[in-house]
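Participant: With the input below, show me the fold.
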Amino acid sequence: MSALRRVRGWLGTRRRFQFVLTVAMVTALTAACCALVMMPDSVVPKLRAVVPAAAVPQSDAVDDPQLPGLRRSMDSYGEVVAQTVATGAGRAGIVLGHTAYRADIQVLAEELSAATAAVTELWGPQWSQRPVVVIASSPSEFASLTHAVGEVPAEVAAATVADPFHPGTRPTGQRVVFGPDAGRRLGPDGLRAVLRHELTHIATRADTVDGSPQWMLEGFAEYLSHRGRDGAAAEIAPTLAARARTGDFPRDLPSDAVFAPTGGQAALAYEQAWSACAFVAAEFGEAKLVNLYRALATGPKDDAAVDDILRHTLGTPREGFLARWRSWIAARTAAGA
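Facilitator: Coordinates of the predicted model:
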């Protein structure tokens, strides 16, 4: 099968889920996370809290109809372990994986409550707040858990999945699936950031129509993954910052095509998308950012539609938005601000 056909087969599955690229996250998080950092010794005793899935106390069980099927599917790839996590107001989430991934399970379980709260704080409480997170042990298990068609690019670190649903109804079967190499490539801090990114896709899915502008969908998730954390723009978006210092600023918002996991442009596209959303939050307020997401996530948009939405939501035409965005990038990258 040609490379082009493999890409087409993969991209054809994106109607069912969103993905985040390891290459993009590693680039963005290099300064903050050192992707190959070893787990500290203090974490090792805590791993005993990860128990076999069948032994999870019923009082702490996550009420999600997809779990029995997930566990049956995962059993064919080896022993399954799970950890439930309280996510507030009597809700619980769960992290599932295999015995070889106990360290990654622990990292994600320790982050799950805070990540759920962070997504809810920005987006609002109108999502289940009962996340299901899975770590695949192999590319074939990852493909099975995400219903991928064709070969999954090695660059994909994680994906979110949902059952087909009608707009306006609550999605079912939602889960975050991490690839088998995600922990090794990203390290603990990278796993935590990707978890927040993917939980954002889960929270916003009911209000997101397939084909909506990727810069808004991915930029919003990237913004939330870094929100409230220390880190200069030059650390979060090093490629964007390096270009800006030479006077090379984005001419326009990134097109959907450049987010593809092949082609070499995805890392910059994710950084540009993050910066566009960070700019909106900083200059217009986070409430306006959420409103902009809701307005743009209603389906495919041509340039005229985007212009109208920017005028209505932010009070600025597209060209004015782009000019102010470039100035914002310059101010925050010139001296590593």
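Participant: Secondary structure element for Phe279, which one?
Facilitator: helix 266-284 (DSSP states H and E).
Participant: counting contacts, what elements does that helix pack onto?
Facilitator: Helices and strands touching helix 266-284, by 3 or more Cβ pairs under 8 Å, 6 or more residues apart in numbering; DSSP states H and E, are strand 17-21, helix 22-33, helix 214-226, helix 233-236, helix 238-245, helix 286-296, helix 318-333. Where you see a C-beta, it was placed from the backbone N, CA and C, and this is true even at glycine.
Participant: quick one: the nearest residue to Trp274 once chain neighbours are set aside from Thr116, how far?
Facilitator: Using Cβ to Cβ, 6 or more residues apart in numbering and skipping the chain neighbours, the partner closest in space to Trp274 is Glu222 (3.8 Å). Distance, Glu222 to Thr116, using Cβ to Cβ, to the nearest Å: 18 Å.
Participant: neighbour-wise, which of those two wins?
Facilitator: For Glu222 and Thr116, the more surrounded residue by other Cβ atoms under 10 Å is Glu222, and the numbers stand at 29 against 26.
Participant: Contact partners for the more buried one?
Facilitator: Ala28, His197, Tyr270, Ala273, Trp274, Cys277 (Cβ atoms under 8 Å, 6 or more residues apart in numbering).
Participant: which non-adjacent residue is nearest Gln176?
Facilitator: One correction, residue 176 is Val, not Gln. For Val176, ignoring the flanking residues on the chain, the nearest one in space by Cβ to Cβ, 6+ apart is Glu198 at 4.2 Å.
Participant: Three-state assignment for Thr84, please.
Facilitator: What DSSP: H, G, I helix; E, B strand; the rest coil gives for Thr84 is strand.
Participant: Equivalent analysis for the one 10 residues further on, please.
Facilitator: Of the three states, Ile94 takes strand under three-state DSSP.
Participant: Surely it touches Ser113?
Facilitator: No - using Cβ atoms under 8 Å, Ile94 is not in contact with Ser113; the gap is 11.9 Å.
Participant: Need the overlap of contacts for those two.
Facilitator: By the contact definition Cβ under 8 Å, 6+ apart, Ile94 and Ser113 are jointly contacted by Val85.
Participant: of those two, who's got more company?
Facilitator: Legend: neighbour count by other Cβ under 10 Å for Ile94 and Ser113, higher for Ile94 (25 against 18).
Participant: need the contact list for that one.
Facilitator: Val56, Val62, Asp64, Leu67, Ala82, Gln83, Thr84, Val85, Pro131, Val132, Val133.
Participant: What distance do you get for it to Val280?
Facilitator: 33 Å.
Participant: which element is Ser212 on?
Facilitator: Ser212 is part of no helix or strand when elements are defined by DSSP H and E.
Participant: residues near it, how many?
Facilitator: Using other Cβ under 10 Å, Ser212 has 19 other residues around it.
Participant: In the stretch 1-150 of the chain, where is pLDDT below threshold?
Facilitator: Along the stretch 1-150 of the chain, segments meeting pLDDT under 70 span 1-61.
Participant: Strands of that one, residue ranges please.
Facilitator: 17-21, 51-52, 80-88, 91-98, 132-135 (DSSP state E, counting those that start in this stretch).
Participant: Redo those strands as a markdown table? Include distance to Leu253.
Facilitator: What follows is those, written out as a markdown table (distance: least, Cβ to Cβ, whole Å):
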| stretch | distance to Leu253 |
| --- | --- |
| strand 17-21 | 18 |
| strand 51-52 | 46 |
| strand 80-88 | 34 |
| strand 91-98 | 33 |
| strand 132-135 | 31 |
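Participant: Nearest to His312 among these would be which one?
Facilitator: strand 17-21 (25.6 Å; Cβ to Cβ).
Participant: Could you say which one of the helices and strands packed on helix 266-284 comes nearest to Ala206?
Facilitator: Nearest of those to Ala206, taken as Cβ to Cβ: helix 286-296 at 10.9 Å.
Participant: so that closest one versus helix 214-226, what angle?
Facilitator: Here helix 286-296 runs at an angle of 150 degrees relative to helix 214-226 (axes from the mean of the first three to the mean of the last three Cα atoms, to 10 degrees).
Participant: for the helix or strand just after helix 286-296, which positions count as buried?
Facilitator: Counting by DSSP H and E, the next helix or strand C-terminal to helix 286-296 is helix 303-314. By 16 or more other Cβ atoms under 10 Å, the buried positions in helix 303-314 come out as Val306, Asp307, Ile309, Leu310, Thr313, Leu314.
Participant: Please look at Ile329 and Gly247 and confirm they touch.
Facilitator: No - the pair Ile329 / Gly247 is not scored as a contact, 11.2 Å apart, by Cβ under 8 Å.
Participant: quick one: which of the two has more around it?
Facilitator: It is Ile329, of Ile329 and Gly247, that has more neighbours when counted by other Cβ under 10 Å, with 24 against 7.
Participant: which residues sit in contact with the more buried one?
Facilitator: By Cβ under 8 Å, 6+ apart, the contact set of Ile329 is Ala233, Leu240, Ala244, Phe249, Pro250, Ser275, Phe279.
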